[in-house]
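Trainee: take a look and give me a structure for this.
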Amino acid sequence: QLGLLGPLEEGLCALSEDHILYLATNPQSSHAVLAFLSAVTIPAAAKHKFIRAAAFLADKLVVNPCGSRIVEAMWLAADSPLKSAIAQTLIAKEQAIRENTYGSIVFKNCNLKAFKQGLNMWEESERKKKKNVESF
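Mentor: Reported below is the predicted structural model:
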């Protein structure tokens, strides 16, 4: 049971694409979204629900200074199927994203080059990354 987090989760996940885009790219409100995605006290299921709603906006978010941080936070909080959805959205607009300063950084940090080369290679690199993080 989420308790007090329930209304927050419901509110964030019920937003329209336009509202999510606004909140995630606004210098003030993006901090609240970032805090939601990176908080250890918020269950992964709640974060995944928001990520499902926002994953298809990743190509619009990634070219904005605030939005790019949201995409990276979504990436870190996502499981493999959600990462795949985010990656597919970003790969579809690869040229424009790579030409953008913020987009190119996210493209590198999310290891989308490996995703583009092949799903198996990408999944293997993600497993290695996760294993390295867990070893510390």
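Trainee: show the contacting residues for the spatially most central residue of the chain.
Mentor: Taking Cα atoms, centre = their mean, the centroid of the chain lies closest to residue 74, which sits 2.4 Å from it. Neighbouring residues of residue 74 by Cβ atoms under 8 Å, 6 or more residues apart in numbering: 37, 51, 54, 55, 58, 82, 86. Heads up, the C-betas are built off the backbone N, CA and C, glycines and all.
Trainee: what strand or helix carries it?
Mentor: For residue 74, the element it lies in under DSSP states H and E is helix 65-77.
Trainee: any idea what sits nearest residue 65, other than its immediate chain neighbours?
Mentor: Nearest residue to residue 65 in three dimensions, chain neighbours excluded: residue 102, at 5.7 Å (Cβ to Cβ, 6 or more residues apart in numbering).
Trainee: before we move on, the earlier item: chain center to the next helix or strand after the helix holding residue 74: distance?
Mentor: Using DSSP H and E, the helix or strand that directly follows helix 65-77 along the chain is helix 80-92. Computed by Cα atoms, centre = their mean, to the nearest Å, the chain-centroid distance of helix 80-92 equals 9 Å.
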